[in-house]
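A.B. asks: this one's structure only:
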């Protein structure tokens, strides 16, 4: 799904990932935007413990090591903040020559300990000095728990390369700086409600029976939730950047146990980073972006998990014949998933959605409102040898997951391409009686049967295994008008409309035309609510609170424009305070302006450009500078080009005259979008 919020909310598509939390708008009657930092702490205001550089003095609230700060953080929801220059990520690694007896809580030695890692003593994990003592100095280890067993002198210590967390705390990088480096973290078994904010973590492990961990606005490489227990889950991963070839794997509770209900929302997985869910029942994967070529060929894999929802994600994979944007697979236990309103593209070389049924009696998938263009196979259904499971691509009866209304977009799949193995839907490895319903979808082909492969249609066309069973596309198809309305639902509401809803809008077409319907649609309360919700996710990396959502919708309903709302976010005091993370300049106003270039133009501003705006800042104010960059020809050109791509699906660059006409028009951003969505080109290609 693309909209104004998606086009200008570049938090998840630029290095300015976590600098979009705002406190207040500048428009009249605009809502107060709640501070993310304050939301991490309960109203009782627990202590904030700070790790400071070695040159700073220490006291009851300031420490030189993360170990010391964590040792003092004994109250639930205490916060440990890491200031720039503090030794947050330096732990130690060595063999301890100490004679530790069972029950000890402190071990003292004068052997030198080198820097970089954490150590394990006997069966107990131990945090040690983050700075690392000088050679020959006295070194003291304080254990979180007494030793269960004696530790013999000279016995090697196991290297864990990890900072262990056994308290309910918030660990956050300095809110006015780039993410703090903490190489490796482990949330120990039984620990709950840990919050990790604005950190750069190469490895994060959530032990069995941990829950409620929140990872927010951080840079991640490898995240693993260890399953097999009964108390895993309810973790939130949001607003993060997972780096090239990174991996988030979440394994839930013992099969048949309580739902894990993890939430992975509004993150960016870049350079082939990927995600795997195993026994992770009840999990939500929503609003994330995936690019590059995944290391194992699959961007999101759902294995042996029930009631998983994968919704409103955008996949733009580099493309390989084995690439799959989404895979849902039965391996050993019951599997069920709702796959809705995603854009799943593999550069025309791979598969949008792969369903590996495995066991038809224990496999269910509801698929609706997804855009499957840009793939060799839109949907690939591999049966269990006889059954296709309970797969519903439109028109099925209500099952455990409900029923699909269809609305999947298979435009671009043509009968002529089937000879090359290009199919909208491919059903194989089933018995002759297996049937998959795929009704009320969006097609370019007048007869959808010409672009599917099963036991009746294109059975041996295009190479590969023969098609089997039957894909039932319905006796009649959505009319061109119904398909037009459905694309509006998919693009702007992030959901698909029922046939009844489509017909209500179709009835308005003769009177107000396509542009009139598009205008009414984009200014409807539901659309504006969706727009505001997307602003919250894109700029604040959190769901909208009801009061804030209502206030911003009210602004738009009473003449406010999308530009005014965006400027309200970008000129707020909280945004200004966070903007220093986007630039190395020590000048706060220069940092602010540089951040606007990153947010609105997706590029750094040159020294000349920054200096030019600095000279105008006293007269224009921050809102004026934000407005100047947002309304610049460059920003509007970027918007227009993206509208051509996301709404009209143009393959080549539009003519210069076309671009200039829109850029130089007096239309505001939402009005521009209305014109594109109401065009005949969108009607046919949207």
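C.D. replies: That came through fine. Remember, predicted model here, so these are calculated numbers, not experimental data.

A.B. asks: How about the secondary structure of residue 488?
C.D. replies: When classified by DSSP: H, G, I helix; E, B strand; the rest coil, residue 488 comes out as helix.

A.B. asks: That one reaches residue 518, doesn't it?
C.D. replies: Yes: taking contact to mean Cβ atoms under 8 Å, the distance of 6.7 Å between residue 488 and residue 518 places them in contact. Glycine gets a C-beta too; all of them are placed from N, C-alpha and C.

A.B. asks: More neighbours: which of the two?
C.D. replies: Neighbours per residue, other Cβ atoms under 10 Å: of residue 488 and residue 518, the larger number sits with residue 518, 26 against 23.

A.B. asks: Need phi/psi at that one.
C.D. replies: With angles defined as degrees, to the nearest 10, residue 518 sits at phi -60, psi -40.

A.B. asks: hmm, back to that, shared neighbours, residue 488 and residue 518?
C.D. replies: With contacts taken as Cβ atoms under 8 Å, 6 or more residues apart in numbering, residue 488 and residue 518 have residue 677 as neighbours in common.

A.B. asks: got the buried residues for the longest strand that the chain contains?
C.D. replies: Residue-count comparison of every strand in the chain, with assignments taken from DSSP state E, identifies strand 241-251 as the longest. Going by neighbour count (16 or more other Cβ atoms under 10 Å), the buried part of strand 241-251 is 241, 242, 243, 245, 246, 247, 248, 249, 250, 251.

A.B. asks: just checking, what packs against it?
C.D. replies: Of the remaining helices and strands, those touching strand 241-251 by 3 or more Cβ pairs under 8 Å, 6 or more residues apart in numbering; DSSP states H and E are strand 219-225, strand 268-269, strand 274-278.

A.B. asks: can you pull the pLDDT of residue 5?
C.D. replies: pLDDT for residue 5: 43.

A.B. asks: for residue 672, same thing?
C.D. replies: Confidence per residue is given as pLDDT, and for residue 672 that number is 95.

A.B. asks: and if you look at residue 391?
C.D. replies: Residue 391 is assigned a pLDDT of 97 by the prediction.

A.B. asks: cool, the one 5 residues further on as well?
C.D. replies: Predicted confidence (pLDDT) at residue 396: the value is 88.

A.B. asks: and it, what is it in contact with?
C.D. replies: Applying Cβ under 8 Å, 6+ apart to residue 396 gives the contacts 366, 390, 403, 404, 437.

A.B. asks: Please determine how far residue 432 is located from residue 482.
C.D. replies: Computed with Cβ to Cβ, to the nearest Å, the distance linking residue 432 and residue 482 is 32 Å.

A.B. asks: cool, residue 645 as well?
C.D. replies: Using Cβ to Cβ, one gets 24 Å for the distance from residue 645 to residue 482.

A.B. asks: Quick check on the two: which one has the bigger neighbour count.
C.D. replies: Neighbours around residue 645 and residue 482, counted as other Cβ under 10 Å, are more numerous at residue 482. The numbers are 19 against 14.

A.B. asks: Where does the closest residue to that one other than its chain neighbours fall, secondary structure wise?
C.D. replies: Computed as Cβ to Cβ, 6 or more residues apart in numbering, the closest residue to residue 482 that is not its neighbour in sequence is residue 502, at 4.6 Å. Per DSSP states H and E, residue 502 falls inside helix 499-506.

A.B. asks: and that helix, what other elements does it pack with?
C.D. replies: Helix 499-506 makes packing contacts with helix 480-488 when contacts are defined by 3+ Cβ pairs under 8 Å, 6+ apart.

A.B. asks: what sits up against the helix it packs on?
C.D. replies: In contact with helix 480-488 (Cβ under 8 Å, 6+ apart) are residues 407, 409, 442-443, 478, 496-497, 499, 501-503, 505-506, 509, 514, 517-518, 521, 677, 682-683, 686.

A.B. asks: now the stretch 51-200 of the chain, which segments are flagged as low pLDDT?
C.D. replies: By pLDDT under 70, the low-scoring segments of the stretch 51-200 of the chain are 66-67, 70-71, 73-78, 84-164, 167, 175-177.

A.B. asks: buried stuff in the helix or strand where residue 510 lies?
C.D. replies: In this assignment (DSSP H and E), residue 510 forms part of helix 509-522. Within helix 509-522, the residues scored as buried using 16+ other Cβ under 10 Å are 514, 517, 518, 519, 521, 522.

A.B. asks: In TSV, list those along with distance to residue 172 and pLDDT.
C.D. replies: Listed next are the buried residues of helix 509-522 as TSV, based on distance: Cβ to Cβ, whole Å; pLDDT from 0 to 100:
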residue	distance to residue 172	pLDDT
514	49	97
517	47	95
518	43	95
519	44	93
521	41	88
522	38	90
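
A.B. asks: quick one: which of the residues you listed is nearest residue 206?
C.D. replies: Proximity of those to residue 206, judged by Cβ to Cβ, is greatest for residue 522, which lies at 41.0 Å.

A.B. asks: Residue 400: neighbour count?
C.D. replies: Using other Cβ under 10 Å, residue 400 is surrounded by 11 other residues.

A.B. asks: Contacts for whatever helix or strand residue 671 lives in next, please.
C.D. replies: Remark: residue 671 resides in helix 669-677, with elements defined by DSSP H and E. Around helix 669-677, the neighbours that count as contacts under Cβ under 8 Å, 6+ apart are 3-4, 8, 488, 491-492, 515, 518-519, 521-523, 561-563, 639-640, 643-644, 647-648, 662, 665, 667, 682, 686.

A.B. asks: Which ones among those map onto helices?
C.D. replies: When the contacts of helix 669-677 are checked against helices (DSSP state H), the matches are 4, 8, 488, 515, 518-519, 521-522, 562-563, 639-640, 643-644, 662, 682.

A.B. asks: just how off-centre is the helix holding residue 510 within its chain?
C.D. replies: 33 Å (Cα atoms, centre = their mean, to the nearest Å).

A.B. asks: Also stretch 256-263?
C.D. replies: Between the mean C-alpha point of stretch 256-263 and the mean C-alpha point of its chain there is a distance of 19 Å (Cα atoms, centre = their mean).

A.B. asks: ok, now stretch 267-276?
C.D. replies: Distance, centroid of stretch 267-276 to centroid of chain: 9 Å (Cα atoms, centre = their mean).

A.B. asks: What are the structural domain limits within the protein?
C.D. replies: What automatic domain parsing lists as the domains of the chain is 4-34+510-685, 163-407.

A.B. asks: that's a strand at residue 366, yeah?
C.D. replies: Yes: with three-state DSSP as the criterion, residue 366 is part of a strand.

A.B. asks: shouldn't it be in contact with residue 394?
C.D. replies: No: Residue 366 is beyond contact range of residue 394, at 9.6 Å (criterion: Cβ under 8 Å).

A.B. asks: can you list residues touching both of the two?
C.D. replies: Contact criterion Cβ under 8 Å, 6+ apart; residues shared by residue 366 and residue 394: residue 404.

A.B. asks: picking that back up, among the contacts of helix 669-677, the buried ones, what's the PyMOL command?
C.D. replies: Here the buried members of the contacts of helix 669-677 are turned into a PyMOL selection, burial being counted by 16+ other Cβ under 10 Å:
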select buried, resi 3+4+8+488+491+492+518+519+521+522+561+562+563+639+640+643+644+647+648+662+682+686
